[in-house]
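> here are the coordinates; sequence isn't available:
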């Protein structure tokens, strides 16, 4: 086994790991911050879901208001275990596993698209139901695989094994292939998230702004063009520009999320007291959970969430800065970018700062696959924190 690991390590460039010494305890403040968000998520998933879960079904049988609370609590337990197990890995071990994890993620997306195990909801083949496993969304797990793969590519540049132009081209190629697969799943929101993570990692890698800014502008134009080619996506953009003037079905979600937050005022209506989650908020315990928080805890509660996201991002980037290797730097910085950008995207949708897209709020929204993938990303940051150095770059 050691010979096989050594051969893979040589292929990936991990000749002399920088984490061969004893580990220090993982970063306690980052772990406790993530755990606090998970506990808060349990509270608000129950608060947002019990009205819908408790309704009688079509046959008139009584519902179970605790359905999503139990389900989400189980997912939190699984996610916590996944985070702690990931935190025990050495960055050199993650580096060796990067191509394998990435390939498995791509395989999962392809199976969702082309195999009989793929499941479609609303005409979008984004889910996978393998034998003996619950239904899950493989693109969520691919986010972790992509960060690991891009970290490997960019680390080789910093180690002098590849030219910067070669590394940047490889990053764009990998991201382009993933975006193409996600667009086949009719998931432009997720494809955009992958692109943003890649752009953030190119920025961390020191790509010149003279190249990065035109690249971002070109990608933004391509995104608008793709949205224009799909009528339902373009209607979302029109509704975002003018929600009150849009047809009811298009502007409904945006207006009701804003109404819920406005109803909360500064101090909120109180835990569990939001009336909007009963009927008007779309997917209250997943896509609209920030609006539930804003309604029940008010502006102050919403600001606490924003501050928590900012503090955890800064802490993760500090851990990345102190990494013992270039790979550790990039994998921790990429995980920080994932959690921050997805949080901002969810909050941006709920506050009508960006067009509607179905992205969860990491650690707070319901959704098993998204919670586990976010926890694994946090676990990678914790793993890097156990092997500090004088700066990975």
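Yep, it's here. Fair warning: this is a prediction, and the values are worked out from it, not measured in the lab.

> contacts only, for residue 305.
290, 293, 347, 361, 364 (C-beta atoms under 8 Å, 6 or more residues apart in numbering). Bear in mind the C-beta positions are built from the backbone N, C-alpha and C, glycine included.

> and with 7 Å instead?
Neighbour list for residue 305: residue 293 [criterion: C-beta atoms under 7 Å, 6 or more residues apart in numbering].

> cool, residue 108 as well?
128, 138, 141-142 are the contacts of residue 108 under C-beta under 7 Å, 6+ apart.

> tell me the buried residues within these.
Buried subset of the contacts of residue 108 (neighbour count, 16 or more other C-beta atoms under 10 Å): 128, 138, 141-142.

> just the pLDDT at the residue lying closest to residue 275 once chain neighbours are set aside, thanks.
Once flanking residues are discounted, residue 275 sits nearest to residue 263: 7.6 Å by C-beta to C-beta, 6 or more residues apart in numbering. If you check residue 263, the pLDDT there is 96.

> spell out the secondary structure type for residue 263.
The three-state assignment at residue 263 reads helix, by DSSP: H, G, I helix; E, B strand; the rest coil.

> and the buried ones among the contacts of residue 108, which is closest to residue 39?
residue 141 (23.7 Å; C-beta to C-beta).

> contacts only, for that closest one.
Contacts of residue 141 by C-beta under 7 Å, 6+ apart are 105, 108, 369, 373.

> okay, and which of the contacts of residue 108 map to strands?
Among the contacts of residue 108, the members falling in strands (DSSP state E) are residue 128.

> report the two of the contacts of residue 108 separated the most.
128 and 142 (11.3 Å).

> can you map out the strands along the chain?
118-121, 124-128.

> in this structure, what helix or strand scores lowest on average pLDDT?
helix 2-12 (a mean of 47; mean pLDDT, DSSP states H and E).

> can you list the low-confidence ranges for the stretch 151-300 of the chain?
Across the stretch 151-300 of the chain, the ranges flagged by pLDDT under 70 are 245-250.

> which stretches of it form helices?
164-184, 188-204, 209-229, 231-241, 248-264, 289-321 (DSSP state H, counting those that start in this stretch).

> can you redo these as CSV with distance to residue 273?
Below are the helices of the stretch 151-300 of the chain laid out as CSV (distance: least, C-beta to C-beta, whole Å):
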stretch, distance to residue 273
helix 164-184, 38
helix 188-204, 30
helix 209-229, 37
helix 231-241, 28
helix 248-264, 9
helix 289-321, 6
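
> and residue 28, which of the ones you listed is closest to it?
helix 289-321 (10.6 Å).

> and for residue 78, the neighbour number?
14 (other C-beta atoms under 10 Å).

> residue contacts, it?
Applying C-beta under 7 Å, 6+ apart, the residues contacting residue 78 are residue 372.

> how much space between it and residue 111?
21 Å (C-beta to C-beta, to the nearest Å).

> ditto for residue 274
Distance from residue 274 to residue 111, by C-beta to C-beta: 39 Å.

> the more surrounded of the two?
Neighbour totals were compared for residue 274 and residue 111, and residue 274 leads with 28 against 17 (other C-beta under 10 Å).

> next, the more buried one: phi, psi?
Main-chain dihedrals, residue 274, degrees, to the nearest 10: phi -70, psi 120.

> contacting residues for the residue lying closest to it once chain neighbours are set aside?
If the residues on either side of it in the chain are set aside, residue 274 comes closest to residue 295, at 4.0 Å by C-beta to C-beta, 6+ apart. By C-beta under 7 Å, 6+ apart, residue 295 lies in contact with 260-261, 263-264, 268-269, 274, 276.

> in space, what's closest to residue 297 - neighbours in sequence excluded?
Using C-beta to C-beta, 6+ apart, the closest residue to residue 297 is residue 268 (4.2 Å).

> do you know how far the one you found is from residue 293?
For residue 268 relative to residue 293 (C-beta to C-beta), the value is 8 Å.

> repeat that for residue 287.
From residue 287 to residue 293 the distance is 13 Å (C-beta to C-beta).

> neighbour-wise, which of those two wins?
Comparing residue 287 with residue 293 by other C-beta under 10 Å, the one with more neighbours is residue 293, at 29 against 24.

> can you get me a residue count around residue 224?
The number of residues near residue 224, taken as other C-beta under 10 Å, comes to 13.

> for residue 279, same thing?
11.

> just the pLDDT for the closest residue to it other than its chain neighbours.
Sequence neighbours aside, residue 51 is the residue nearest to residue 279 in space, at 8.0 Å (criterion: C-beta to C-beta, 6+ apart). Here, the pLDDT recorded for residue 51 equals 93.

> excluding chain neighbours, what is closest to residue 158?
residue 326 (3.9 Å).
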